[in-house]
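[1] I'd like to go over a predicted model; first the sequence, then the structure.
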Amino acid sequence: MIKELFCVRGSGYAGQPRLYDTCGLENIWLVDGFHVIRRNGEEVLQIEDPEGLHKAIALHLVRFRKSLTGREIKFIRRAIDLTQGELAHQLGTGVQTVARWEKDKVCIPGPEDRLLRIITLLATSDAENFAKLILEMPTNLEDLDEGPDRPVRFTHDHDHDHRWVEAEREAA
């Protein structure tokens, strides 16, 4: 079963959710927060604050995905603005190892997985929430097998520096 993420921003878009496949992930849907433009005869999504959206998606991935796929690792690395070499250095591994994770040739080992999550939390959350998120992480990851798959929504929070944040989770 493919898990679908629904991203929400404001309330201006009244159309159908649109697949955001240009981000490199297959399961990201945008409800609004974008404009459809025509470029060379094709419809293209123009995202409002794409960096903020990518950081919100990366934050969701490291908090709520028990096992990260190669595409998700690559997405996270790009969202936190690191090259493969920079990520390899921070994780204490080699560039080719990171490339193999991103191509799903090998799974990311536990210690590197946790450190990647911590690096991502540091890059995507403010100092006030960082410690809280770190303390929650082991419990969140252990509970993932028990919970049902749910769509995830993101909203553009106008009260806090106009950034994308995950909306409240819907009941099953």
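    Sure, I can see it. Computed from a predicted structure; not experimentally measured.

[2] so which residues of this protein form helices?
    Taking DSSP state H as the test, the helices found in the chain are 50-64, 70-79, 84-91, 95-102, 110-124, 127-143.

[3] of all these, which one is nearest Q16?
    Closest to Q16 of these is helix 50-64 (C-beta to C-beta; 18.5 Å). Placement of C-beta: from N, CA and C, glycine included.

[4] picking that back up, mean pLDDT for the helices of the chain: which is lowest?
    Lowest mean pLDDT within those: helix 127-143, a mean of 82.

[5] got the contact list for it?
    When contacts are defined by C-beta atoms under 8 Å, 6 or more residues apart in numbering, helix 127-143 is touched by residues R63, F64, K66, R114, R117, I118, L121, L122, S125.

[6] how far away is the second one from I119?
    Spelled out, that is F64. 17 Å (C-beta to C-beta, to the nearest Å).

[7] same check, this time on the third one
    Distance, K66 to I119, using C-beta to C-beta: 18 Å.

[8] compare these two (neighbour count), which wins?
    Taking neighbours as other C-beta atoms under 10 Å, K66 and I119 compare with I119 leading, 18 against 11.

[9] touching, that one and A79? I think so.
    No. With contact defined as C-beta atoms under 8 Å, I119 does not count as touching A79 (11.3 Å).

[10] okay, domains of the protein per the record?
    5-49+150-166, 51-143 (automatic domain parsing).

[11] please save the CA atoms from stretch 54-67 in PDB.
    As requested, the backbone C-alpha atoms of stretch 54-67 are provided in PDB (Å, rounded to 0.1, in the frame of the first residue of the first chain):
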ATOM      1  CA  HIS A  54      10.600  20.300   1.500                       C
ATOM      2  CA  LYS A  55      11.800  20.900   5.100                       C
ATOM      3  CA  ALA A  56       8.300  20.100   6.400                       C
ATOM      4  CA  ILE A  57       8.200  16.900   4.300                       C
ATOM      5  CA  ALA A  58      11.800  15.900   5.500                       C
ATOM      6  CA  LEU A  59      10.800  16.500   9.100                       C
ATOM      7  CA  HIS A  60       7.700  14.300   8.600                       C
ATOM      8  CA  LEU A  61       9.900  11.500   7.000                       C
ATOM      9  CA  VAL A  62      12.400  11.400   9.900                       C
ATOM     10  CA  ARG A  63       9.700  11.500  12.500                       C
ATOM     11  CA  PHE A  64       7.100   9.100  11.100                       C
ATOM     12  CA  ARG A  65       8.800   6.700   8.700                       C
ATOM     13  CA  LYS A  66      10.200   3.600  10.400                       C
ATOM     14  CA  SER A  67      12.400   2.700   7.500                       C
END
